[in-house]
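**Q** Kindly return the folded structure for what I paste below:
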Amino acid sequence: MNLNLRFLMRKHHNKLYYGKYRYKTEFRMPGSLMFYPTTDEHLTMIKKEYPNAPDMNHLADFIMKNRKLLKFRFQDRRAIFYTDYDKSLELIDNFWDFWSASETVDPKFKKLDKNTVGCLRLPHGKYKYQVYLKKEAQNIMSDIEINTLKNFIESNKDNCLVTKRDVVGFLHSNFPYFSGGYFYVTEEKFLTPIYMLAQNAIEKVIKFRKVKNGSNKKTTR
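**A** Numbers count the residues shown, from 1 in each chain. Got it, this is the predicted structure:
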């Protein structure tokens with residue numbers, strides 16, 4: 001197998017939080033670790049079990065009301081939210097006593113469409129595109145088409161990179177089922193033959209836009 005493979009545990013490119021939000025707001029909140037799991041059912045149970053903890057109840061209500069407008073996580077007694085500008089201000093206003101820090105990625109990233117991700121460093125240093133294959137790709141493409149796509153990627157190993165084990169199995173017909181996955185491409189010119197080979201099996205293509213000399217801006221209390 002000659003595929004240029006690298007199996008990585010995490011992404012190395014710096015981009016918008018969750019590919020969407022520019023603002024990260026942190027709070028020091030005792031008891032926040034009790035919010036796992038963060039389902040509405042569990043948060044409702046917390047409200048019932050701790051009726052005399054107004055701050056915890058307020059946080060539970062805020063999460064349930066705004067769940068679709070933010071991402072969040074709890075870590076080391078910190079509650080961390082990823083939002084747009086207005087929601088970050090609303091969080092600080094609601095939980096002022098616990099607010100500890102805010103951070104925003106470079107404002108040059110704000111005018112991006114849904115399939116473009118701003119980054120300070122391209123994935124693996126040089127790849128501008130991420131091609132996602134559908135879960136049902138193995139049923140959409142014939143064995144000949146899959147093999148041709150594999151040969152194209154292998155013959156362009158300096159410009160195509162596979163990092164997902166499932167995609168390797170898909171290309172070599174090693175796995176009975178394909179759960180979806182992606183691979184990277186350096187330049188737009190390589191997308192044309194890929195579209196010709198796998199157009200109906202492609203779910204989406206993400207473009208990474210690099211911003212030079214960008215920097216995060218951080219405010220601490």
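**Q** distance of the residue nearest to Asn159 when sequence neighbours are not counted from Thr192?
**A** In this structure, Asn159 finds its nearest non-sequential neighbour in Thr186, 4.3 Å apart by C-beta to C-beta, 6 or more residues apart in numbering. (Each C-beta comes from the backbone N, C-alpha and C, glycine too.) Distance check for Thr186 against Thr192: by C-beta to C-beta, to the nearest Å, it reads 13 Å.
**Q** So the residue nearest to Asn159 versus Cys160, what's the distance?
**A** Using C-beta to C-beta, Thr186 is found at 8 Å from Cys160.
**Q** More neighbours: these two, which one.
**A** The residue with more neighbours, out of Thr186 and Cys160, is Cys160; 22 against 17, by other C-beta atoms under 10 Å.
**Q** which SS class is the residue lying closest to that one once chain neighbours are set aside?
**A** Distances taken as C-beta to C-beta, 6+ apart place Ile153 nearest to Cys160, at 4.4 Å, with adjacent residues excluded. Of the three states, Ile153 takes helix under DSSP: H, G, I helix; E, B strand; the rest coil.
**Q** Counting neighbours, what do you get for Ile153?
**A** Look at Ile153: counted by other C-beta under 10 Å, it has 23 neighbours.
**Q** Isn't it up against Phe183?
**A** Yes: using C-beta atoms under 8 Å, Ile153 is in contact with Phe183, at 6.8 Å.
**Q** which residues do the two both contact?
**A** 160, 162 (C-beta atoms under 8 Å, 6 or more residues apart in numbering).
**Q** Next up, the contacts around the residue nearest to Cys160.
**A** When the contact criterion is C-beta under 8 Å, 6+ apart, the partners of Ile153 are 3, 160, 162, 171, 183.
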